[in-house]
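**Student:** got a sequence here, can you model it:
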Amino acid sequence: MAARIKQHDEDLWVFGYGSLIWRPGFEFLERRNARLVGAHRALCVYSFVHRGTPQKPGLVLGLDRGGTCRGIAYRVAAAKREATIAYLRGREQVTQVYREAWRSVWLDEDPQQQVRALCYVVDRGHAQYAGRLPLEEQLHFVRQGHGRSGVNRDYVIETVKALEELGYRDPGLHQLASRLKGAHESA
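**Tutor:** Numbers count the residues shown, from 1 in each chain. All right, here's what the predicted structure looks like:
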């Protein structure tokens with residue numbers, strides 16, 4: 001019980017790998033480039049709320065097993081810990097497609113420094129898990145997707161832009177964004 005009480009008095013680390021990079025939506029003390037080992041960023045979740053509907057699903061990112069993911073680690077003040085977790089649950093757990101998990105992430109500025117961070121990992125058994133879709137299917141879902149948080153196309157393009165600003169390259173996402181921009185510019 002003492003360890004649990006102590007945890008609530010500690011600052012919270014949150015790992016962002018998609019829209020949390022460019023739109024965290026919570027207050028933080030520190031923002032650090034970070035790396036998570038054991039999972040990778042994948043456009044593998046049918047979006048029924050934020051970037052699509054059940055009738056016209058969009059496609060959003062999830063942390064899927066295997067590989068490495070570069071993203072952002074946010075340090076949140078202990079006093080804001082519970083409010084931040086509540087906010088993230090309201091944002092990420094609308095349909096329960098993600099599992100809340102605590103993972104080790106390494107901070108880029110100091111490769112020896114690792115922190116335990118809250119992150120949201122895709123539930124492969126959930127009906128919204130899309131798995132690995134071919135590029136043409138990804139394009140279909142992203143082009144049709146529009147939900148509570150806006151147009152799916154914008155989500156992909158903003159994520160790619162944020163990754164580029166961090167110096168990261170995700171070949172699959174970059175290829176998809178390039179195709180989305182090309183179709184939009186020729187329309």
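**Student:** which stretches of this protein form helices?
**Tutor:** Remark: helices assigned in the chain by DSSP state H are 2-8, 19-22, 81-92, 135-144, 152-165, 171-186.
**Student:** and Asp154, how far from Gly125?
**Tutor:** In this view, Asp154 and Gly125 are 29 Å apart by CB to CB, to the nearest Å. C-beta: built from backbone N, CA, C; applies to glycine.
**Student:** who has more neighbours out of these two?
**Tutor:** Residue environment comparison for Asp154 versus Gly125 gives the larger neighbour count to Asp154, 15 against 7, counting by other CB atoms under 10 Å.
**Student:** out of the helices and strands in the chain, which is least certain?
**Tutor:** Here the helix or strand of the chain ranked lowest by mean pLDDT, DSSP states H and E is helix 2-8, holding a mean of 47.
**Student:** residue contacts, the closest residue to Gln175 other than its chain neighbours?
**Tutor:** Closest residue to Gln175 in three dimensions, ignoring its sequence neighbours and counting by CB to CB, 6 or more residues apart in numbering: Leu135, at 6.6 Å. For Leu135, the contacting residues are Gly172, Gln175, Leu176, Arg179, taking CB atoms under 8 Å, 6 or more residues apart in numbering as the criterion.
**Student:** which of those residues tops the neighbour count?
**Tutor:** Neighbour-wise, the contacts of Leu135 (other CB under 10 Å) top out at Leu176, 22 neighbours.
**Student:** so it sits right up against Phe141, yeah?
**Tutor:** No - with contact defined as CB atoms under 8 Å, Leu176 does not reach Phe141; the gap is 10.4 Å.
**Student:** okay, and the common contacts of these two?
**Tutor:** Taking CB under 8 Å, 6+ apart as the criterion, Leu176 and Phe141 do not both touch any residue.
**Student:** which strand residues bridge Arg116?
**Tutor:** For Arg116, the residues forming beta bridges with it (DSSP bridges) are Ser104.
**Student:** can you count the residues close to it?
**Tutor:** Using other CB under 10 Å as the criterion, Arg116 is surrounded by 14 other residues.
**Student:** now Pro111. Its backbone dihedrals?
**Tutor:** Its backbone dihedrals place Pro111 at phi -60, psi -20, with angles given as degrees, to the nearest 10.
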